[in-house]
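Participant: no sequence for this one, just the structure:
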DNA sequence: CTGAAAGCGCTTACAG
DNA sequence: CTGAAAGCGCTTACAG
């Protein structure tokens, strides 16, 4: 048996901890049974009729004792506790990608609060020791009714285990590798990317370079798909259009050479590392080119920091906040969903918002 | 009775949930009792001696059944749950003050992960309806072993109730109003503020204006205290030194008048609203003054955004991340602390880091 | 060395 | 309208 209540703990003042009140304490105070307390406080889903006076006494006792239900017990007994998990696959909150992470969190938090859900933050690995591979890490999420997953390095096997057990979860970000029944909320990169190319075409650009990273992320694949689709639609040369890079080989010379070939617009993508983006902007600057006078420049996704020289770069923004919101909404639907009812769309894409910016302009004469 | 296993739930795929194996299933398979299974799998903290053969049989059965312990039940049965709460007194995560909030969260999350604690995020009010005054809102935190409080508008009464019950909590940010036994981790504004004044004095400045907000926050009081102490120490005129404002009355004319009076340096403070800071920087710009050529400028606390014209403003940074870390450490000490052992320092101040910046320079001639 | 039993704090049929 | 009882899946003294 466990020693249980009244034990140490030593609260803030070093004072002896007072045990939290439970339903049985309320029952004693109100002179009713613990069952009745549960009925009164638990929302009374079964529609049981209770005497007004009983209700009042129970509520008063609960109030004066400062009662708060134990969500762990609630969940063990009922399979619900109105808590949602948010699991990130990194040792800590990504400091580097603060700009991309925070808005998601804001959206998640907003919608969770709106839906009366608390949020439990889990991290992939605890301390330096255990890696994200630790199976126990992912398993912990089961304390919540359902969980949001967010991040690059996904322990597929662990997640599949959860899926097999019917545990509700939603990915933030598109996932290919897990099949078509895996719920996610992603950004709709394809049309947004095509639209950027279309804008360039409308301004007279015919030769473009799309500088993307060597990355297999669905986001990168989608953007390339959109760029190619837009190019084909608008009669932009797709030959040599896509350039893969780790950043190191995008130099001022290369950019000048493109200009000499008649390239008038450059497009790149935003990622965690910003390798392609910073290499390209650096090369454009080093080449002494002005945007959009000498060459137009666009980025697929948000620029890295508002402080940089390219703070007003054209392109589109990723609807991170809305993705967070939608992911929560979907997760709650999965958690509360009646198995008989039609399921909500499991895989959702949120439109990206075009950013006019100041780095796109009419195509200059083909050769400088 | 609850329907329990195998029930609906309808996981991500809407597939029927498969019942997870539990200790009793393993027990049956291995021909031992459920207690023994718990002993074998549960780390065996009590140091009970078990037959090797029994262990092996249990482990094999667990493996072949794909057993994963139910963290909910584990936590209910053991006294602690290794969850820490983080309660913020605002409807949602502060979007405006993302820059000041996020680093704290990073620190909290880092240290919590390092100490094997999960994090529950609570917000003061859920949705638009309930205000932070809602007693139930604060009460919810009791589900965690202890809680961090963060934000300006603090429902003192609710917190005192927690304190009385011996519930462990720690404030992030200094708190005067709650007495000397209230645990907090704050920024050490006084010496950092004095140091900024000292730097100005060393550069020859003798007449200074400190433009602060009309705010009773401990942070504001501390900064003023530090400014005054530094001024007295360095022989800077304290007469008219401190200027309180809501932002509206800091104009280009006023700044020019100060210059005419011989003021060569301006100091302001960072707050949630940034009212004083943005008013002052706006007025300096409008007055056509260059920093530090015409006037030196410093801010007590971080500048608002890296993108602004004053991204390189001199002053100091608030050690938000370290505050988050320390707060978690203190809280865990309070939660796990042996009441017999000496308590850790309940009120801790973390040093601020000086930021050289580019807006402080030698004092120009007293009159322009 | 192992098992029967109580208990963690709830929910939910079921019987008064 | 209310209460006694079983149960969620574990942990932990305690008794063999």
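Facilitator: In hand now; what should we look at? Remember, predicted model here, so these are calculated numbers, not experimental data.
Participant: For the rest of this, base every contact and every neighbour count on C-alpha atoms.
Facilitator: Noted.
Participant: and residue A:103, what is it in contact with?
Facilitator: Listed by Cα atoms under 8 Å, 6 or more residues apart in numbering or on different chains, the contact partners of residue A:103 are A:320, A:321, A:324.
Participant: Point me to the residue of the stretch 251-368 of chain A nearest DNA strand C.
Facilitator: Proximity of the stretch 251-368 of chain A to DNA strand C (Cα to the nearest atom of the strand) peaks at residue A:336, 12.2 Å away.
Participant: How much space separates that residue from residue A:114?
Facilitator: 15 Å (Cα to Cα, to the nearest Å).
Participant: what about these two, which has more around it?
Facilitator: When neighbours are counted by other Cα atoms under 10 Å in any protein chain shown, residue A:336 and residue A:114 differ, and residue A:114 comes out ahead with 19 against 15.
Participant: Relative to residue B:38, how far out is the more buried one?
Facilitator: Applying Cα to Cα, the value for residue A:114 to residue B:38 is 40 Å.
Participant: could you pull out the helices for the stretch 1-150 of chain A?
Facilitator: Assigned by DSSP state H, counting those that start in this stretch, the helices in the stretch 1-150 of chain A fall at A:23-30, A:34-41, A:52-65, A:71-78, A:98-114, A:135-139.
Participant: Give me the angle between the one helix or strand residue A:321 maps to and helix A:98-114.
Facilitator: Here residue A:321 sits within helix A:320-336, counting by DSSP states H and E. Going by axes from the mean of the first three to the mean of the last three Cα atoms, to 10 degrees, helix A:320-336 is angled at 40 degrees with respect to helix A:98-114.
Participant: Can you list the buried residues in helix A:320-336?
Facilitator: Buried positions in helix A:320-336, judged by neighbour count with 16 or more other Cα atoms under 10 Å in any protein chain shown: A:320-332, A:334-335.
Participant: Buried residues, the host helix or strand of residue A:257. List them.
Facilitator: Using DSSP H and E, residue A:257 sits in helix A:252-261. Going by neighbour count (16+ other Cα under 10 Å), the buried part of helix A:252-261 is A:252, A:255, A:256, A:258, A:259.
Participant: follow-up on the earlier one: could you dump the contacts of residue A:103 to JSON lines with pLDDT?
Facilitator: JSON lines is the format used below for the contacts of residue A:103 (pLDDT from 0 to 100):
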{"residue": "A:320", "pLDDT": "92"}
{"residue": "A:321", "pLDDT": "92"}
{"residue": "A:324", "pLDDT": "95"}
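Participant: Which one of these is nearest to residue B:272?
Facilitator: Nearest to residue B:272, judged by Cα to Cα, of the contacts of residue A:103 is residue A:321 at 21.2 Å.
Participant: Roughly how far does the residue of the stretch 251-368 of chain A closest to DNA strand C sit from residue A:166?
Facilitator: Distance of residue A:336 to residue A:166, computed by Cα to Cα: 13 Å.
Participant: What does the pLDDT read for the residue of the stretch 151-300 of chain A found nearest DNA strand D?
Facilitator: Going by Cα to the nearest atom of the strand, DNA strand D is nearest to residue A:165 of the stretch 151-300 of chain A, at 11.9 Å. Residue A:165 is assigned 76 on the pLDDT scale.
Participant: Wait, it touches residue B:67, no?
Facilitator: No: Residue A:165 sits out of contact with residue B:67 when judged by Cα atoms under 8 Å, with a separation of 11.7 Å.
Participant: of the two, who's got more company?
Facilitator: Neighbour totals were compared for residue A:165 and residue B:67, and residue A:165 leads with 20 against 16 (other Cα under 10 Å).
Participant: tell me the contacts of residue A:271?
Facilitator: By Cα under 8 Å, 6+ apart, the residues touching residue A:271 are residue A:301.
Participant: ok but it is inside a helix, no?
Facilitator: No: using DSSP: H, G, I helix; E, B strand; the rest coil, the assignment for residue A:271 is coil, not a helix.
Participant: Let me see the contact set for residue A:58.
Facilitator: Applying Cα under 8 Å, 6+ apart, the residues near residue A:58 are A:26, A:27, A:30, A:32, A:37, A:40.
Participant: Residues contacting stretch A:249-264, please?
Facilitator: With Cα under 8 Å, 6+ apart as the test, stretch A:249-264 has contacts from A:205-209, A:279-280, A:282-287, A:294-296, A:363-364, A:366-368.
Participant: Just those: which are in strands?
Facilitator: Those of the contacts of stretch A:249-264 mapping onto strands are A:208, A:209, A:296, per DSSP state E.
Participant: for those, which one is nearest residue B:353?
Facilitator: Nearest member of the ones in strands among the contacts of stretch A:249-264 to residue B:353, counting by Cα to Cα, is residue A:296, at 40.9 Å.
Participant: Let's verify residue A:160: helix, strand, or coil?
Facilitator: When classified by three-state DSSP, residue A:160 comes out as helix.
Participant: Over to residue A:266?
Facilitator: With three-state DSSP as the basis, residue A:266 sits in strand.
Participant: got the contact list for it?
Facilitator: A:208, A:209, A:210, A:211, A:295, A:296, A:297, A:298.
Participant: what's across from the third one in the sheet?
Facilitator: Translated: residue A:210. Beta-bridge pairing for residue A:210 (DSSP bridges): residue A:242, residue A:267.
Participant: how is chain A carved up into domains?
Facilitator: Residue ranges for the domains of chain A, per automatic domain parsing: A:23-69, A:83-187+A:322-352, A:189-318.
Participant: Worst mean pLDDT among these?
Facilitator: Sorting the domains of chain A by mean pLDDT places domain A:83-187+A:322-352 lowest, at a mean of 79.
Participant: Between the two ends of that domain, how far is it?
Facilitator: 29 Å.
Participant: could you measure the residue of the stretch 251-368 of chain A closest to DNA strand C against residue B:100, distance?
Facilitator: As judged by Cα to Cα, residue A:336 and residue B:100 stand 35 Å apart.
Participant: just checking, residue A:277 touches residue A:299?
Facilitator: Yes: contact criterion Cα under 8 Å: residue A:277 and residue A:299 qualify, at 7.4 Å.
Participant: Quick check, residue A:147 in contact with residue A:170.
Facilitator: Yes: using Cα under 8 Å, residue A:147 is in contact with residue A:170, at 6.5 Å.
Participant: Give me the more crowded residue out of the two.
Facilitator: residue A:147 (29 against 26).
Participant: ok, back up a step: identify the contacts common to residue A:165 and residue B:67.
Facilitator: Taking Cα under 8 Å, 6+ apart as the contact rule, residue A:165 and residue B:67 both touch residue B:20.
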